[in-house]
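Peer 1: test case, fold it:
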Amino acid sequence: MIGMRELFLRHVAQTSDAPLLLEVVRAQGIYLFDTHDRPYIDLISGIGVSNLGHHQPEIIKAIQEQSEKFMHLMVYGEFIHQPQVALSKLITSILPATLNQVFLVNSGTEATEGAIKLSKRYTGRPGIISFKNAYHGSTNGALSLMGDEYFKNAYRPLLPASRQIRFNNVEDLRSINEHTAAVFTEIIKAEEGVILPQPGYLKKLRERCNDTGTLLVADEIQTAMGRTGRMFAFEEEGIVPDILLLAKAFGGGMPIGAFIADQKIMSVFKNDPILGHLTTFGGHPVCAAAAHKAVEITIRDMNAFEVERKESYFKARLKHICIREVRSRGLMIAVELMDAKTVQNVVRHCMEAGLIIDWFLFAPHCLRIAPPLIIKPIEIDQACDIILAALDKCLIK
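Peer 2: Numbering: from 1, shown residues only. Alright, predicted model coming up:
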């Protein structure tokens, strides 16, 4: 009989020659369980998705209740779906007044694609600027914004009039001009290994966009929903974007994303041409019901998560001769080691010991730590003990 591992490799399209090949049969809280019911601490939340933990009972209930009423009925924007309306009303109620209309999609990269189209249509300009070592998704338009040539070159030609500038470099802001439709920025550079904005930098970026009539797009696909200790990371920087991108933890484990803007901006999709942006499954009612509950829980329990206290505890525990630096905001943490090989060895040793940890796309010499926000101090201790033991093994070898 062919085993599940062999079937996976044979029939599921692969994206690397070295998949982790952990077969998970159930998940609960911060734990994944394999075919032998062995628990693994999930220290990366499925790459920023499971902020509220796995199998959150209130979200499961919301999914069940909506699935019993109806699922897909019609392409997005034609029929009135109560879950879509409720979700859009709730999320805009906690955002600045100019972020008042929501376009629901299926994922983060689709949110990026929609925002690219929206900004070009609204401004009538061709140029899109993003940042070096930025990641906004892997579809064609989002790939054009990616700030790393290694991942882009095999797929050229990409979108014309797109370019990258350096994050935290004020001089590069001069590149934003009357031909620039939008600047796409992460509030915190996630895949570069949690690079924080320098004090006042994002305000200068906001001012330059204002001066040139350029839209500022904030990609909060990884940083929103409490990950940094706030609902949205831009709040801490004292800026308001023109377009906000959400996905990952927004869906509470279900696939959904959104780009959010002012109604006057979003209205350009209605005419010249009509149906200026379309999606069949965007805002799927079951996903929208799950997202509504996830947003509701995050608002309610934000203080109880004690994100900043847990951040400090991680940093206090992560002391080792192999650790060069720990960068963080909230429970978004990068642990910089000596090199990428050491990181891969640590990832392997941790999995063998029952801990799921990862690296960063543009910072392979850093360990990624982004656990569910519900993680407890005793579980932080367990996770850090495993990491430190893995680092000791790397030193011996």
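Peer 1: so where's this protein uncertain?
Peer 2: The chain contains residues with pLDDT under 70 at 397.
Peer 1: where do the helices sit along it?
Peer 2: Using DSSP state H, the helices assigned to the chain run over residues 4-11, 45-48, 57-69, 82-93, 108-123, 140-145, 149-152, 201-212, 234-237, 263-266, 285-305, 307-317, 340-352, 377-396.
Peer 1: most tightly packed of those helices?
Peer 2: Using mean count of other CB atoms under 10 Å, the stretch among the helices of the chain with the largest mean neighbour count is helix 108-123, at a mean of 24. Backbone N, C-alpha and C define where each C-beta goes, glycine included.
Peer 1: so which of the helices of the chain gets nearest G251?
Peer 2: Counting by CB to CB, G251 lies closest to helix 285-305 out of the helices of the chain; the figure is 4.8 Å.
Peer 1: can you state the direction angle for that closest one and helix 82-93?
Peer 2: 40 degrees (axes from the mean of the first three to the mean of the last three CA atoms, to 10 degrees).
Peer 1: find the nearest non-adjacent residue to E325, please.
Peer 2: Computed as CB to CB, 6 or more residues apart in numbering, the closest residue to E325 that is not its neighbour in sequence is E336, at 4.4 Å.
Peer 1: domain ranges for the protein, per the record?
Peer 2: Residue ranges for the domains of the chain, per automatic domain parsing: 4-55+305-396, 57-302.
Peer 1: please produce TSV containing the helices of the chain, extended by distance to I323.
Peer 2: Output for the helices of the chain, formatted as TSV (distance: least, CB to CB, whole Å):
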stretch	distance to I323
helix 4-11	34
helix 45-48	22
helix 57-69	35
helix 82-93	37
helix 108-123	30
helix 140-145	32
helix 149-152	26
helix 201-212	26
helix 234-237	25
helix 263-266	44
helix 285-305	25
helix 307-317	10
helix 340-352	10
helix 377-396	7
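Peer 1: among these, which is nearest I369?
Peer 2: Taking CB to CB, helix 307-317 is the member of those nearest to I369, at 6.6 Å.
Peer 1: contacts for the closest one?
Peer 2: Under the contact criterion CB atoms under 8 Å, 6 or more residues apart in numbering, helix 307-317 has outside partners 226-229, 326, 328-331, 333, 369, 373, 375, 377, 380-381, 384, 388.
Peer 1: now do stretch 8-19
Peer 2: 2, 21, 23.
Peer 1: sorry, back to before: right, and the helices of the chain - which one's nearest P364?
Peer 2: Of all the helices of the chain, helix 340-352 comes closest under CB to CB, at 3.9 Å.
Peer 1: elements contacting the closest one?
Peer 2: Counting contacts by 3 or more CB pairs under 8 Å, 6 or more residues apart in numbering; DSSP states H and E, helix 340-352 packs against strand 358-360, strand 363-369, helix 377-396.
Peer 1: name the member of the contacts of stretch 8-19 with the most neighbours.
Peer 2: E23 (13 neighbours; other CB atoms under 10 Å).
Peer 1: so who does that residue touch?
Peer 2: In this structure, E23 makes contact with 4-5, 8, 34-35, judged by CB under 8 Å, 6+ apart.
Peer 1: ok, of those residues, which one's closest to A288?
Peer 2: F8 (30.5 Å).
Peer 1: now the residue most central in space within the chain: phi and psi?
Peer 2: Geometric centre of the chain, nearest residue: Q222, 2.4 Å, by CA atoms, centre = their mean. Backbone geometry at Q222, expressed as degrees, to the nearest 10, gives phi -100, psi -30.
Peer 1: what distance do you get for it to V295?
Peer 2: From Q222 across to V295, the span is 16 Å (CB to CB, to the nearest Å).
Peer 1: got it, and T139?
Peer 2: 25 Å.
Peer 1: please apply the same query to K132.
Peer 2: Separation of K132 from V295 (CB to CB): 32 Å.
Peer 1: can you check K117 too?
Peer 2: Noted for K117: a distance of 25 Å to V295, by CB to CB.
Peer 1: contacts only, for the nearest residue to G253 once chain neighbours are set aside.
Peer 2: Counting by CB to CB, 6+ apart, the nearest residue to G253 once its immediate chain neighbours are dropped is S50, at 5.9 Å. Counting by CB under 8 Å, 6+ apart, S50 touches 42, 249, 253, 372.
Peer 1: and the second one, how many neighbours?
Peer 2: Residue crowding around A249 was assessed by other CB under 10 Å; the count is 29.
Peer 1: assess the claim that it and G46 are in contact.
Peer 2: No - the criterion here is CB atoms under 8 Å, and A249 misses it with G46 at 9.3 Å.
Peer 1: hang on, the earlier thing: now the contacts of helix 307-317: which count as buried?
Peer 2: In these, burial by neighbour count holds for 226-229, 326, 328-331, 333, 369, 373, 375, 380, 384, 388, counting by 16 or more other CB atoms under 10 Å.
Peer 1: picking up where we left off before, include distance to P126 when you put the contacts of S50 into a markdown table, please.
Peer 2: What follows is the contacts of S50, written out as a markdown table (distance: CB to CB, whole Å):
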| residue | distance to P126 |
| --- | --- |
| D42 | 42 |
| A249 | 33 |
| G253 | 38 |
| P372 | 41 |
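Peer 1: just flag the most distant two among the residues you listed.
Peer 2: Top of the distance list for these (CB to CB): D42 and A249, 13.2 Å.
Peer 1: endpoints of stretch 15-24, how far apart?
Peer 2: Using CA to CA, to the nearest Å, one end of stretch 15-24 lies 19 Å from the other.
Peer 1: do stretch 139-153 as well
Peer 2: The stretch stretch 139-153 measures 14 Å between its terminal residues, going by CA to CA.
Peer 1: just the residues contacting that stretch, thanks.
Peer 2: With CB under 8 Å, 6+ apart as the test, stretch 139-153 has contacts from 109-110, 112-113, 116-117, 128, 130-138, 155, 158-159, 162, 164, 184, 361-362.
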